[in-house]
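>>> sequence and predicted structure below; questions after.
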Amino acid sequence: MLTLIWGTSFILMKKGLVVYSSGELGALRMVIACMALLPFSLQHIRKVEPSRWKYLAGSGVLGNFLPAFLFAYAETRLASGLAGVLNSLTALFTLLVGAMFFRQSITWLRMLGILVGIAGTAILIFSGNGSADLDNKYYGLYIVIATICYGGSVNIIKHRLHDLKPYVISGLALLTVGPISLGYLLTTDFAHKLQHTPGAWEALMYIAILAVFSTAIALVLFNKLIHISTTLFASSTTYLIPIVALMWGVLDGETIELWHYLGMVIILAGVFIVNRAK
């Protein structure tokens, strides 16, 4: 379910960017997702110990706020299918962040998997012919940064918020970034576009679907998965996301080169090594 929901999120971002800027899309995604879980947030806002809020805020910023803007900005110049492939690095960075900051064990074989994944990323981002789209390739680095953020959020949830219910974590984490996103959105010309730009309501519909399903609902499901499994297993949902993302991209007319497939295979090989290594 998570694979299908998140694999579709990249094409939804692409459709939303037809009208709205990356900043507007990121802010709208956070605001709508926050509102979708607001009933749960308000119900539990006073039941959480004050000491937990820094972790909830950390999860909100790293797992939602920053990636929402980074992915949107990257997709202004990067094919949605390739964005989905790069998202598979989340599993690698989950392990790396866990080893660096949460005392998780890491073997030489898992380190090899991380290096293989990074090599595949380099091929995916910097391969191809001609200089016309050279600048576009560097936009993949924004997604790499987003996956590092995801790795941090997954570890925070598993090691610092493990005893809270998934919908509570999701709702309160979004509540910490929703008002900030709304404040930013009010500084843009979003309202003007909505009233005067053709296709604005259709683009908003795509963003709303993205926010409700790919952020709010998927976040609750993912947090539940973290609770009942390991951080590495939960982040390995990124295995199949590239397939769904590429499928939508091809159906939408995106061109995927042979080098891109090679990079994708190498990335997934790295993720596979990391997940299978003992």
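Received, thanks.
>>> ok, now which ones touch residue 157?
By Cβ atoms under 8 Å, 6 or more residues apart in numbering, residue 157 lies in contact with 59, 63, 169, 223, 226. Using the backbone N, CA and C atoms, a C-beta is placed for each residue, glycine as well.
>>> now those residues as a markdown table including secondary structure?
Shown next, in a markdown table, are the contacts of residue 157 (DSSP: H, G, I helix; E, B strand; the rest coil):
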| residue | secondary structure |
| --- | --- |
| 59 | helix |
| 63 | helix |
| 169 | helix |
| 223 | helix |
| 226 | helix |
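>>> and which of the residues you listed is nearest to residue 147?
Checking those against residue 147 by Cβ to Cβ gives residue 63 as the nearest, at 11.1 Å.
>>> which one of the contacts of residue 157 has the most neighbours?
Greatest neighbour count in the contacts of residue 157, by other Cβ atoms under 10 Å, goes to residue 169: 30 neighbours.
>>> residue 179: which of the contacts of residue 157 is nearest?
The nearest member of those to residue 179, counting by Cβ to Cβ, is residue 59 at 16.0 Å.
>>> and that closest one, what pLDDT?
Per-residue confidence (pLDDT) for residue 59: 97.
>>> let me see the contact set for the closest residue to it other than its chain neighbours.
Closest residue in space to residue 59, ignoring its immediate chain neighbours: residue 173 at 4.4 Å, by Cβ to Cβ, 6 or more residues apart in numbering. Counting by Cβ under 8 Å, 6+ apart, residue 173 touches 56-57, 59-60, 63-64, 219.
>>> what's the closest of those residues to residue 88?
Taking Cβ to Cβ as the measure, residue 88 lies nearest residue 63 of the contacts of residue 173, at 16.6 Å.
>>> wait, isn't that closest one in contact with residue 149?
Yes: with contacts counted by Cβ atoms under 8 Å, residue 63 reaches residue 149, the gap being 6.9 Å.
>>> residue nearest the centroid of the chain?
For the chain, residue 67 is the residue whose C-alpha lies nearest the centre (Cα atoms, centre = their mean; 5.3 Å).
>>> could you dump the helix or strand harbouring that one to CSV, C-alpha only?
For residue 67, the element it lies in under DSSP states H and E is helix 66-74. What follows is helix 66-74, C-alpha atoms only, in CSV (Å, rounded to 0.1, in the frame of the first residue of the first chain):
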residue,chain,number,x,y,z
LEU,A,66,12.2,19.8,4.4
PRO,A,67,11.5,16.8,2.1
ALA,A,68,8.3,18.4,0.9
PHE,A,69,10.1,21.5,-0.3
LEU,A,70,13.3,19.6,-1.5
PHE,A,71,11.4,17.1,-3.6
ALA,A,72,9.2,19.8,-5.1
TYR,A,73,12.2,22.0,-6.0
ALA,A,74,14.0,19.0,-7.5
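>>> the very next helix or strand once past it - what's its average pLDDT?
Going down the chain from helix 66-74, the next helix or strand is helix 80-86, by DSSP H and E. Helix 80-86 shows a mean pLDDT of 84 in the predicted model.
>>> also stretch 97-106?
Averaging pLDDT along stretch 97-106 yields 86.
>>> and it, how far apart are its ends?
End-to-end span of stretch 97-106 (Cα to Cα, to the nearest Å): 10 Å.
>>> can you mark which positions in it are buried?
If you call a residue buried by 16 or more other Cβ atoms under 10 Å, then stretch 97-106 has these buried ones: 97-99, 104, 106.
>>> could you dump those into a markdown table with secondary structure added?
Formatted as a markdown table, those follow (three-state DSSP):
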| residue | secondary structure |
| --- | --- |
| 97 | helix |
| 98 | helix |
| 99 | helix |
| 104 | coil |
| 106 | coil |
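>>> nearest to residue 209 among these?
Of all the buried residues of stretch 97-106, residue 97 has the smallest distance to residue 209: 29.8 Å, by Cβ to Cβ.
>>> pretty sure that closest one contacts residue 149?
No: contact criterion Cβ under 8 Å: residue 97 and residue 149 do not qualify, at 9.4 Å.
>>> so what's residue 96 closest to, chain neighbours aside?
Of all residues not flanking residue 96 in the chain, residue 114 sits nearest, at 6.0 Å (Cβ to Cβ, 6+ apart).
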